[in-house]
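# the following comprises the amino acid sequence and a computationally predicted model.
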Amino acid sequence: DEDFVTRETVELLAHCTFGWSGIVCDRQPVEFSAEAAKHLYSRFPWMREQADAACANRNLYDRSASRDQPPAGESAHA
């Protein structure tokens, strides 16, 4: 059922979130915690979708790819 899938997704994403900065909700800064992540992912579907997309982005986890990239502003050509 859809509610079950949403709860499980929120739980998984909260465990995959290791921190954040600059999050404000209801005009109050939100300190990172797994409980805060669950609350925000449950309350704001767009935030849950962004976290889910980040988890699915393999480039964020491939450290060898970042070593092969030239520093910002430099050409990839030697």
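That came through, no problem.

# ok, the residue nearest to residue 47 when sequence neighbours are not counted to residue 46 distance?
Sequence neighbours aside, residue 40 is the residue nearest to residue 47 in space, at 5.5 Å (criterion: C-beta to C-beta, 6 or more residues apart in numbering). All C-beta atoms are positioned from the backbone trio N, CA, C, and that covers glycine. The gap separating residue 40 from residue 46 is 10 Å, by C-beta to C-beta, to the nearest Å.

# neighbours of residue 20, just the number please.
Residue 20 sits with 13 neighbouring residues when counted by other C-beta atoms under 10 Å.

# longest helix in the protein, by residue count?
Using DSSP state H, we find that the single longest helix of the chain is helix 2-16.

# ok, then the element right after that helix?
strand 24-25 (DSSP states H and E).

# got a list of contacts for that next one?
For strand 24-25, contacts defined as C-beta atoms under 8 Å, 6 or more residues apart in numbering pick out 30, 40, 43.

# out of the residues you listed, who's nearest residue 59?
Proximity of the contacts of strand 24-25 to residue 59 (C-beta to C-beta) peaks at residue 40, which lies at 24.1 Å.

# rewinding a little: does the residue nearest to residue 47 count as helix, strand or coil?
Three-state assignment for residue 40 (DSSP: H, G, I helix; E, B strand; the rest coil): helix.

# how much space between the spatially closest residue to residue 20 that is not a sequence neighbour and residue 23?
Closest residue in space to residue 20, ignoring its immediate chain neighbours: residue 32 at 5.2 Å, by C-beta to C-beta, 6+ apart. With distances taken as C-beta to C-beta, residue 32 is found 8 Å from residue 23.
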